[in-house]
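Asks: what's the 3D shape of this:
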Amino acid sequence: MRLYLGKLLRKVTNKHLFANQGHAELYLKYRPTYPDSLISRIIEYLHQGRVDNKPDGLAVDVGCGSGQFTRSLGQHFDRVIGVDVSESQLASARLVPRSNIEYLSGSGESIPVSNGSTDLITCAMCIHWLDFPKFCDEVQRVLKPNGCIAAFGYEMQCCRVNGKKVEKIEEAYNKSLYFIGNKSNQS
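Replies: So this is what the prediction gives:
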């Protein structure tokens, strides 16, 4: 029952909470940005073990909202696509145009790019909205060999298991960035 309610809540919230243009404008104006060190660490991780010096082609920012993190990817990739379920959020993102950034309607469970086309997928403070198994399948579909995903947020307030605070998990979460490499496509 709890799992069903969680999925239902996610569907309802995805479609309605972020649909209001006023909400999207507030996101654009007040949503915190991420530190430059975060993007540097992600790019460093993406390049680990590479033998070529090819520039990075495509990055996809899933759940891009009004584009704060999407825009920071633009200086590191030939092409960046911000994907969101909210047309209002996408309209706000488009208010700050960049020549190599495109904003498309879509979701993490149905990323609007070709198979094996993407160097990097990011999820900035949005992975909790996704149907995780479907998202993982989609990541496998769109990532290039040696591509990666970076999922991150601001800070975890508290992690509880059966009502008890689990400080070790919270500490690890707050000190780390989690990167899930696409190991199945590596040769």
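Asks: what comes up buried for the biggest strand by length in the chain?
Replies: With DSSP state E setting the assignment, residue counts place strand 143-152 as the longest strand in the chain. Going by neighbour count (16 or more other CB atoms under 10 Å), the buried part of strand 143-152 is 143-144, 146-152. Bear in mind the C-beta positions are built from the backbone N, C-alpha and C, glycine included.
Asks: So what are the sheet partners of that strand and their directions?
Replies: strand 118-124 (parallel), strand 178-181 (antiparallel) (DSSP bridges).
Asks: pLDDT (mean, whole number) over stretch 64-71?
Replies: The average of the pLDDT scores along stretch 64-71 is 93.
Asks: Residue 138 should be in a strand, yeah?
Replies: No: counting by DSSP: H, G, I helix; E, B strand; the rest coil, residue 138 falls outside a strand, being helix.
Asks: correct me, but it touches residue 111?
Replies: Yes: counting by CB atoms under 8 Å, a contact exists between residue 138 and residue 111, whose distance comes to 5.2 Å.
Asks: weakest of the strands paired with strand 143-152 in terms of mean pLDDT?
Replies: Within the strands paired with strand 143-152, the stretch with the lowest mean pLDDT is strand 178-181, showing a mean of 39.
Asks: Just say helix, strand or coil for residue 112.
Replies: Classification of residue 112 using three-state DSSP returns coil.
Asks: Quick check: phi and psi on it?
Replies: phi -80, psi 60 (degrees, to the nearest 10).
Asks: so how many other residues sit close to residue 96?
Replies: Using other CB atoms under 10 Å, residue 96 has 13 other residues around it.
Asks: Using the three-state scheme, assign it.
Replies: Classification of residue 96 using three-state DSSP returns coil.
Asks: Please report phi then psi for it.
Replies: The phi and psi values for residue 96, taken as degrees, to the nearest 10, are phi -120, psi 80.
Asks: Would you quantify the distance from it to residue 147?
Replies: Taking CB to CB, to the nearest Å as the measure, residue 96 and residue 147 are separated by 26 Å.
Asks: Where do the helices of this structure begin and end?
Replies: Assigned by DSSP state H, the chain shows helices spanning 2-16, 21-30, 36-47, 68-73, 87-93, 132-142, 167-175.
Asks: just checking, what packs against the fourth one?
Replies: Where contact means 3 or more CB pairs under 8 Å, 6 or more residues apart in numbering; DSSP states H and E, helix 68-73 is packed against helix 36-47, strand 58-62, strand 79-84, strand 101-105, strand 118-124.
Asks: now those as TSV including mean neighbour count and distance to residue 131?
Replies: Output for the helices and strands packed on helix 68-73, formatted as TSV (neighbours: other CB atoms under 10 Å; distance: least, CB to CB, whole Å):
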stretch	mean neighbour count	distance to residue 131
helix 36-47	15	24
strand 58-62	27	12
strand 79-84	25	15
strand 101-105	18	17
strand 118-124	24	13
